[in-house]
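J.: Compute the structure for the input listed below.
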Amino acid sequence: MPKLHIKQLTVGKNRYRVELSLQEESLTPMTVTAKFKFQLSEQDHKDLRWYLEDYLKFPFAPNPKIAARVEQRMAAIGTELFKAVFHADEDARDLWAELRRGLNKTRVEIAVEDVQEATSIPWELLRDPKTDISLALHAQAFVRTHSNPSLRAKLPRLASKDEPIRILLVICRPHEEKDVPFRSVASRLVKGLSQAAREFFQLEVLRPPTFGQLSKVLRAASDAGKPFHVVHFDGHGTYQNVDESVPASSVMFGANALLLSPLRDDKKHGYLLFENQAVKENNQLVDGPALGKLLVETQVPVLVLNACRSAHAEVENEKTEDNTDSHSQVRAFGSLAQEVVDAGVAGVVAMRYNVYAVTAREFVEQLYAALINGFSLGKAVSLGRKHLREQPLRAVVTTPLPLQDWLVPVVYEAAEINLFPAPVPQQGLRIVLDNKQKGAMEETLANLPARPDVGFIGRDETLLALDRGFDRDKVVLLHAYAGSGKTTTAVEFARWYQMTGGIKGGTVLFTSADTFS
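T.: Just a heads-up that it's a prediction; the model follows:
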């Protein structure tokens, strides 16, 4: 595959040197250097954040006109950046002319040397004004790389017929019934489950979804010689200074009980929100270094995050002049995704902005469909972006409205990561269980009443309550008026629980008020 490597270096305030290297087997490598001044204004940052995070929550006049103006500005920013890089001189124009011929087969890599400037240039917006080609949407893969991680990333082995891809799905809903629907994203992962589907993935849902349990399960799998290939975190992310508005109930003996790691400094950092019922808020903030070290220790090569702002970092307008090493800079200024990559994780998919649940659903379904068909992680993310661009309607509070949110997903990839050796002709997922689990699952599912002809709709908050209930007890009472759907809900949950690794020994008993037990 041809590869364009774009290396961004900072030479002064808002001044950059970019080294472009185009490598292709049939050609002599082409190397070009461009120097230019570039800066997104504070208003640009605010407008982008508003458009991607807030617009669809308040899509009323005059906001649609403001959104249209922001979309035009996004195109203008991409054009400005393109001209600065590929119109720098004749050599740069020649490189683009060569690249354009095979862009749809090219891997584009973005490497930023100065961590403090990692988000200063929105490379995903790069756009050729002549052809209206956006590189992030037309390249075969458009990824970010980390040239000097603390530990060299270990790439996963290709899967075989006898070794399915093992995925650990972490569904965190700390606000319970007031939270995002329980299976809003997970339903897209298991959408193709059927007896006829190929045995692609071994999917297990982490129960309970705490960082302590994550550590326990990952270490057990690693010790058994069957580490997970992918950890997928389906939950919330935040980017904040944890000293800001810390709840009084979470402070014990001068420490913040919501924070897994010690306080680092007075800057903002990215965190994932795991559940923790030991505190009133049912939260535990886990940072990138802690998560990255755990994944490397337990031999997990890929992390997928549909958590808000998991790839976000603020632009540092005033660059510090200290001599700290690059790894210290990542921990001081980098996003959560950068911190995980710096720890030595080979591939990380994350979100630069807050992401709507509907966007996460669409993207995740396309991501796994592409992985199943043998595409690399970088190309799978690019295909997910293209799907978001081609299917832009998002329904949030009103009728579906178009949103150009394809630039929200970001992928860090140390090198091409392929989980499958070749395209698989049939899409779909199937849970792979050992003989004992398979027998128990088939017996349980065979004895369940059939699904209603109309399918299963809603009751997500009830499924969440049942799932959390079985974290603590062997028996859960499902009680409601006759005809309210207890039987259907219990049947749907039984199928969901069995299919997502819920068999851990013991007996699961359902009891409802009348017809089903």
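J.: Which SSE is immediately downstream of the host helix or strand of residue 384?
T.: Secondary structure assignment for residue 384, by DSSP states H and E: helix 377-390. Later in the chain than helix 377-390, the nearest helix or strand by DSSP H and E is strand 393-394.
J.: re earlier: on contacts alone, who are the packing partners of the helix holding residue 384?
T.: Applying 3 or more CB pairs under 8 Å, 6 or more residues apart in numbering; DSSP states H and E, one finds that helix 377-390 makes contact with helix 135-138, strand 141-145, strand 347-351, helix 357-372, strand 409-413. Every C-beta, even on glycine, is put in place using the N, C-alpha and C of the backbone.
J.: would you turn these into CSV with mean pLDDT?
T.: CSV is the format used below for those (pLDDT from 0 to 100):
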stretch, mean pLDDT
helix 135-138, 96
strand 141-145, 94
strand 347-351, 94
helix 357-372, 88
strand 409-413, 94
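J.: Could you check the ones you listed and tell me which one is nearest residue 206?
T.: Residue 206 lies closest, by CB to CB, to one member of the helices and strands packed on helix 377-390: helix 357-372, at 16.6 Å.
J.: Please work out which residues outside that closest one touch it.
T.: Contact with helix 357-372 is made by 165, 180-181, 184-185, 187-189, 191, 200-201, 234, 304, 306, 349, 351, 377, 379-381, 383-385, 387-388, 391, 394-396, 403, 405, 408-409, 419-420, 424, 427-429, as judged by CB atoms under 8 Å, 6 or more residues apart in numbering.
J.: List the buried residues in it.
T.: 358-372 (16 or more other CB atoms under 10 Å).
J.: Quick one, which of the contacts of helix 357-372 are buried?
T.: By 16+ other CB under 10 Å, these give 165, 180-181, 184-185, 187-189, 200-201, 234, 304, 306, 349, 351, 377, 379-381, 383-385, 387-388, 394, 396, 403, 405, 408-409, 419-420, 428-429 as buried.
J.: Which residue lies closest in space to residue 459, excluding its sequence neighbours?
T.: residue 489 (4.9 Å; CB to CB, 6 or more residues apart in numbering).
J.: ok now the lengthiest helix in the chain, how far from the chain's centre?
T.: Using DSSP state H to define each element, the chain has its longest helix at helix 63-86. Centre-to-centre, helix 63-86 and its host chain are 25 Å apart (CA atoms, centre = their mean, to the nearest Å).
J.: Downstream of it, the next helix or strand is which one?
T.: Past helix 63-86, the next helix or strand by DSSP H and E is helix 90-101.
J.: who touches the residue nearest the centre of the chain in this structure?
T.: Centroid-nearest residue in the chain: residue 305, 2.7 Å away (criterion: CA atoms, centre = their mean). Residue 305 makes contacts with 232-233, 237, 272, 311, 336-337, 348-351, as judged by CB under 8 Å, 6+ apart.
J.: if you set the cut-off to 6 Å instead, what comes out?
T.: 233, 350 (CB atoms under 6 Å, 6 or more residues apart in numbering).
J.: Ramachandran angles for it?
T.: Main-chain torsions, residue 305, degrees, to the nearest 10: phi -130, psi 120.
J.: Which pLDDT does the model give it?
T.: Residue-level confidence at residue 305 comes out at 94, pLDDT.
J.: bridging residues for it?
T.: Taking DSSP bridges, one obtains residue 233 as the residues bridged to residue 305.
J.: Please parse the chain into its domains.
T.: 3-139, 165-315+325-356+408-413, 435-512 (automatic domain parsing).
J.: Mean neighbour count, these: which tops it?
T.: Counting by mean count of other CB atoms under 10 Å, domain 165-315+325-356+408-413 has the highest mean neighbour count of the domains of the chain, with a mean of 20.
J.: Quick one: residues contacting residue 168.
T.: 204, 206, 228, 231.
J.: residues touching the last one, list them.
T.: Contacts were defined as CB under 6 Å, 6+ apart; by that measure residue 231 touches 168, 300, 303.
J.: does residue 168 count as helix, strand or coil?
T.: strand (DSSP: H, G, I helix; E, B strand; the rest coil).
J.: let's number from 45 now, not from 1
T.: Got it, the first residue is 45 from now on, which makes the last one we talked about residue 212.
J.: distance of it from residue 417?
T.: 22 Å (CB to CB, to the nearest Å).
J.: Just the terminal-to-terminal distance for stretch 525-536.
T.: Terminal residues of stretch 525-536 lie 18 Å apart, using CA to CA, to the nearest Å.
J.: want to try JSON lines for the domains of the chain, with distance to residue 189 as columns?
T.: Shown next, in JSON lines, are the domains of the chain (distance: least, CB to CB, whole Å):
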{"stretch": "domain 47-183", "distance to residue 189": "5"}
{"stretch": "domain 209-359+369-400+452-457", "distance to residue 189": "7"}
{"stretch": "domain 479-556", "distance to residue 189": "33"}
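J.: Do a quick rundown of the strands in the stretch 445-561 of the chain.
T.: 445-446, 453-457, 519-522, 553-556 (DSSP state E, counting those that start in this stretch).
J.: is it possible to export these to JSON lines including distance to residue 329?
T.: Shown next, in JSON lines, are the strands of the stretch 445-561 of the chain (distance: least, CB to CB, whole Å):
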{"stretch": "strand 445-446", "distance to residue 329": "33"}
{"stretch": "strand 453-457", "distance to residue 329": "21"}
{"stretch": "strand 519-522", "distance to residue 329": "29"}
{"stretch": "strand 553-556", "distance to residue 329": "35"}
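J.: which stretch among those strands comes nearest residue 143?
T.: strand 453-457 (19.5 Å).
J.: Next one: residue 134 from residue 76, what distance?
T.: From residue 134 to residue 76 the distance is 10 Å (CB to CB).
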